[in-house]
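[1] Can you look at this prediction? I've put the sequence above it.
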Amino acid sequence: MSVSHASHSVPHQAAGADQLLSGLDPEQREVALALRGPVRVLAGAGTGKTRAITHRIAYGVACGLYVPSRVLAVTFTTRAAGEMRSRLQRLGASGVQARTFHSAALRQARYFWPKVYGGELPLLVDSKLGMVATAARRNRVRTDQAVLRDLASEIEWSKVSNVRPDDYAEVAPTKSRLVADLDPATIAHVFGSYEEVKREAGRMDMEDVLLCAAAVLTEDERVAAEVRRQYQHFVVDEFQDVSPVQWALLKLWLGDRVELCVVGDPAQTIYSFAGASDRYLLDLPKHFSGTTTVELVRNYRSTPQVLAAANELVRHGSTAAVQLRSQSESGPEVSYREHPDEVAEAQSVADEIRRLADAGTPPGEVAVLFRINAQSEVFEAALADAGLPYVVRGAERFFERPEVRQAIALLRGAARAEGTPDDVVEQVRGVVSGMGWAPEPPASRGNVRDRWESLQALVDLVAAFVRDHPDADLAELVADVDRRAAERHAPVADAVTVATLHAAKGLEWDAVFLCGLVEGTLPITYALDSITAVEEERRLCYVGMTRARRHLSISWAAARNPGGRASRRPSRFLDGLRPATASDMKPAGPRTRRSRRPLPTTCRTCGAPLTVVSERKVGRCSSCPPTYDEALFERLRAWRLETARADALPAFTVFTDATLVAIAEAMPSSPEELLRVSGVGESKRAKYGDAVLEILSAAKE
């Protein structure tokens, strides 16, 4: 369905390129025919957006309107860029530049930096963790890996959001930014020190790549003019994931032109915490008058049953999402299952996967998805007990894993050696066997299992390569592996995928098990204070649902452990979707009866209006002096840190700083009074209440 359409004339030469339009559905064809910008494509999950935009580019080239080398197609992953280049080549549009934002920016920055500033561009670092650790030590901040990763992520968010170190302490509270148990001022100091450490070392990070490219274009108009002469037409995929700095760079590339086509899905905006914003997609017509908007609504991936659930999920939210229409045959109904505990849930999932496998569904066409990595272990154990092969899809890229890099280096050395045997598969098996690989998976989990999975995936990749190229030697294999590594084209094992919802984006399977959908996990606890954050959690659930082609099973557990208190409730996102379950029949307890006290709207000290959740929690604006005993607050923080470490949790998941401040100022003396403090729910009162009240009681003596 076309939402709005500006008339665009198609060159006469298009008649000879009509074959490029055959096979496109009406909406995809409309995208392909919209050769002049600005164009916005709202593409729902599974609607063939890559097909639409690559045919648009190829059609423009065939018509003579586009010069391939002057088209820049931008996406967010190296693999997606490689896939786009391959499709364009098959469509007769070789020469189009298909790159990630960072790749395009780095190429320009390296070329123009010496001309504008003199000297070479700083060296790009693989990881910022070492420099973050140095910056943390300079500010006497602990440097355990969890805190360093959180600090690195926060620095990345700040830089892509154009937030400078001097501005961070003021901006962070307005964005509800939380990092472990560190206050915004401390994070700002670490951020500033990190930038100093980086400059001293003559290095730059991935965010600097974008900033440096923007700097050379801003600083020198001749550079900007040269880049704009080089690229005349722009296509940006996954536009809902654009950050402020990427938007700024894109505008610099465009100048005063409008030859832009963007593609995105507001319902798949799940990286706001990292600086992404769907506002650039939704507000594009405000920036460019006469924007053509086309909706892709025909879903070629999922059954009507899967899409009915996904459509209903987003209909109850506030996200502007297209209503998908299935083009597939009818399939089984979506299943909703409540289990007494997580162990029973995992066992049920493993049993169902075994039934699917016995009925002919390959393990590689099955995924078990959940909200956080901590949920993985119980499902891994159940799959292992059932004898089902599985792989854990993590954040680390396959070809960057140490064991994979080592294996490829050894294979490269073997390929250079003389007199190597002819059997390529046996050569590879011999190399990885020397690294500890065995044909059967290890019984243990964790790092040992991860390492085996990596090496097994490499063995499977080689076997597939040899099947397709039976006469290839080891050198040709290594060349193919190098190509895959450059394109981030990781091998796909014939095993059940175990992954978080974030890691599953962009993938699809015949059968998806969406597990652990309880309040406090999805939506996750720290999102509950923000309507915007809860809506992002809803979109994350939507992404999980739309990964399924045919089978979609949704489950949750009433208790964490066998025999535990069945106090968990199914996720609010399932309201209106799932049937009634045993947990719905239970009488409402104190938690469901208790009405949350409204947060104050004005500062109790100066009377100013309070608009930030963290300020409303304590009833005081950040500029007014605190009214609590600072020594007591530090004792509460010390207790929180000790408790979090004992439970292997981030400190803020026990209580946030804002909640600790509210407790210290309210000085509750009973469990009932503690429950009245914003940020203290029934579960946290039950788990931590006695310890907190004991600290407060001692402070009153």
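    Thanks, I have it.
[2] Of all the residues in stretch 404-420, which ones are buried?
    Across stretch 404-420, burial judged by 16 or more other Cβ atoms under 10 Å covers 404, 407-408, 410-411, 414-415. (Glycine included, C-beta is placed from N, CA and C.)
[3] okay, Trp509: pLDDT?
    If you check Trp509, the pLDDT there is 96.
[4] now do Pro244
    92.
[5] okay but it is in contact with Val163, surely?
    No: Pro244 is not in contact with Val163 according to Cβ atoms under 8 Å; the separation is 9.1 Å.
[6] Between these two, tell me which one has more neighbours.
    Val163 (22 against 17; other Cβ atoms under 10 Å).
[7] Return the residues in contact with the residue nearest in space to the middle of the chain.
    Centroid-nearest residue in the chain: His502, 4.3 Å away (criterion: Cα atoms, centre = their mean). By Cβ atoms under 8 Å, 6 or more residues apart in numbering, the residues touching His502 are 270-271, 540.
[8] Highest neighbour count among the residues you listed?
    For the contacts of His502, neighbours tallied by other Cβ under 10 Å; top is Leu540, 25 neighbours.
[9] Please, which helix or strand holds that one?
    Take DSSP states H and E as the rule and Leu540 turns out to sit in helix 531-545.
[10] Averaged pLDDT, that helix. What do you get?
    Helix 531-545 comes out at a mean pLDDT of 92.
[11] Show me which parts of that helix are buried, residue by residue.
    By neighbour count with 16+ other Cβ under 10 Å, helix 531-545 contains the buried residues 533-545.
[12] For the stretch 1-150 of the chain, which segments count as helices?
    For the stretch 1-150 of the chain, the helices defined by DSSP state H, counting those that start in this stretch occupy 26-33, 49-63, 78-90, 101-117, 129-138, 145-160.
[13] Out of these, which is the most enclosed?
    helix 49-63 (a mean of 24; mean count of other Cβ atoms under 10 Å).
[14] Next, the angle from it to helix 78-90.
    40 degrees (axes from the mean of the first three to the mean of the last three Cα atoms, to 10 degrees).
[15] Low-confidence stretches in the stretch 501-650 of the chain?
    582-583, 585-601, 604, 607-618, 621-623, 626, 647-650 (pLDDT under 70).
[16] Show me the helices in it, by range?
    Ranges of helices in the stretch 501-650 of the chain, per DSSP H, counting those that start in this stretch, are 501-504, 531-545, 582-585, 590-593, 613-618, 630-646.
[17] okay, the first one in PDB with CA atoms only?
    To tie it back to what came earlier, the one meant is helix 501-504. Only the C-alpha atoms of helix 501-504 are listed here, as PDB (Å, rounded to 0.1, in the frame of the first residue of the first chain):
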ATOM      1  CA  LEU A 501      16.400 -11.500  21.000                       C
ATOM      2  CA  HIS A 502      18.800  -8.800  20.100                       C
ATOM      3  CA  ALA A 503      21.200 -11.400  18.500                       C
ATOM      4  CA  ALA A 504      18.300 -12.800  16.500                       C
END
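[18] How far off centre is that helix?
    6 Å (Cα atoms, centre = their mean, to the nearest Å).
[19] picking that back up, from the contacts of His502, which single one is nearest Gly37?
    Tyr271 (25.2 Å; Cβ to Cβ).
[20] Spell out which residues sit in contact with the closest one, please.
    Tyr271 neighbours (Cβ under 8 Å, 6+ apart): 241, 502.
[21] what does the model give it for pLDDT?
    Tyr271 is given a pLDDT of 88.
[22] if I look at it, how far off is Lys175?
    14 Å (Cβ to Cβ, to the nearest Å).
[23] if we can go back for a sec, mind putting the helices of the stretch 501-650 of the chain into CSV with distance to Arg572?
    Below are these laid out as CSV (distance: least, Cβ to Cβ, whole Å):
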stretch, distance to Arg572
helix 501-504, 16
helix 531-545, 8
helix 582-585, 13
helix 590-593, 13
helix 613-618, 19
helix 630-646, 26
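[24] closest to Arg301 out of those helices?
    Between Arg301 and the helices of the stretch 501-650 of the chain, the shortest gap by Cβ to Cβ is with helix 531-545, which sits at 11.2 Å.
[25] Does anything pack onto that closest one? Which helices or strands?
    helix 304-315, helix 501-504, strand 509-514 (3 or more Cβ pairs under 8 Å, 6 or more residues apart in numbering; DSSP states H and E).
[26] out of the ones you listed, deepest packed?
    strand 509-514 (a mean of 25).
[27] what sits against Ser553?
    Ser553 is in contact with 334-335, 337, 349, 352, 511-514, counting by Cβ under 8 Å, 6+ apart.
[28] repeat that for 10 Å
    332, 334-337, 348-349, 352-353, 356, 368, 511-515 (Cβ atoms under 10 Å, 6 or more residues apart in numbering).
[29] quick one: the most far-flung residue of the chain relative to its centre from Val432, how far?
    Here the chain reaches farthest from its C-alpha mean at Glu701, the gap being 48.9 Å by Cα atoms, centre = their mean. Using Cβ to Cβ, Glu701 is found at 65 Å from Val432.
[30] Thought Asp510 was touching Arg549, still the case?
    Yes: applying Cβ atoms under 10 Å, one finds Arg549 in contact with Asp510, separated by 4.9 Å.
[31] joint contacts of these two?
    331, 365.
[32] Kindly list the single helix or strand of this structure that scores lowest on mean pLDDT.
    Least confident helix or strand of the chain, by mean pLDDT, DSSP states H and E, is helix 590-593 with a mean of 39.
[33] Straight-line length of stretch 281-294, end to end?
    Terminal residues of stretch 281-294 are spaced 12 Å apart (Cα to Cα, to the nearest Å).
[34] so where do the strands sit in the stretch 301-450 of the chain?
    Applying DSSP state E, counting those that start in this stretch to the stretch 301-450 of the chain gives strands spanning 325-326, 335-341, 366-370, 390-393.
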